[in-house]
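After the sequence you'll find the predicted model.
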Amino acid sequence: MKSLKTLVSLTALTVCMGAASMANAYSISPVSTSFTAPGTISVKSPSSYQATVNCGATFTGNVDATGVAKITGVAITGGGLCGLPKITGLPWTLTATAPAAGSVANVGYTIAGSILYPASNCGPSTIAVGYSGGVLTASNQALAGSCTVVSLSVTPSPALTIVP
């Protein structure tokens, strides 16, 4: 009988914890809207011989009805290696995980090798991002393929909000 009471108690605790974690879920607002997020990105890869490459970046996408953002386009600008990446894994999924944080899944890009530099096959990987003051940021996030997002700073328009 004591085992049955313990089992019922543990089951009730599990159900309550599951409900509490659902209550703490975060989403992105405004829902059902498109956004553009221009800014900068710095990366390291085998193609740059692990030197940091600084580029312009513009992300485009939308927030679906459930509050999850899908990044459907990425344009990288600038000279040198900035003009070479082929973005992979789109759409990238931006999910809020805390009041000022989230993750972006499926991040990846490739650069075809040449006589001057080796090829890079970066990602797909999930990176952690922060969101504060209307700016989405990332710092020192590793991607598969010996690549790193050294820094990212983009400002979505319209401004996005993380809501509980």
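Yep, it's here. As the structure is a prediction and not an experimental result, all values here were calculated from the model.

Residue 66 and residue 87: what is the separation?
24 Å (Cβ to Cβ, to the nearest Å). Heads up, the C-betas are built off the backbone N, CA and C, glycines and all.

Show me which of these two is the more surrounded one.
residue 87 (17 against 9; other Cβ atoms under 10 Å).

Residue 159 sits in which helix or strand?
Secondary structure from DSSP states H and E places residue 159 outside every helix and strand.

Also residue 103?
Going by DSSP H and E, residue 103 is part of strand 101-111.

Could I get the full set of helices for this structure?
Using DSSP state H, the helices of the chain run over 2-23.

which residue is nearest the centroid of it?
residue 104 (1.9 Å; Cα atoms, centre = their mean).

ok, now which ones touch that residue?
Applying Cβ atoms under 8 Å, 6 or more residues apart in numbering to residue 104 gives the contacts 71, 92, 93, 94, 95, 126, 127, 129, 138.

Buried among the residues you listed? Need that as a selection in PyMOL.
Restricted to buried positions by 16 or more other Cβ atoms under 10 Å, the PyMOL selection for the contacts of residue 104 reads:
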select buried, resi 71+92+93+94+95+127+129+138
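
Just the ones of the contacts of residue 104 in strands?
Residues of those located in strands (DSSP state E): 71, 92, 93, 94, 95, 126, 127, 129, 138.

Any figure for the gap between the fourth one and residue 117?
Same thing as residue 94. According to Cβ to Cβ, residue 94 and residue 117 sit 30 Å apart.

now swap in residue 138 and tell me
Going from residue 138 to residue 117 by Cβ to Cβ gives 24 Å.

cool, residue 37 as well?
In terms of Cβ to Cβ, residue 37 sits 28 Å off from residue 117.

And these two? Which one has more around it.
Taking other Cβ under 10 Å, residue 37 and residue 117 do not tie; residue 37 has more neighbours (22 against 17).
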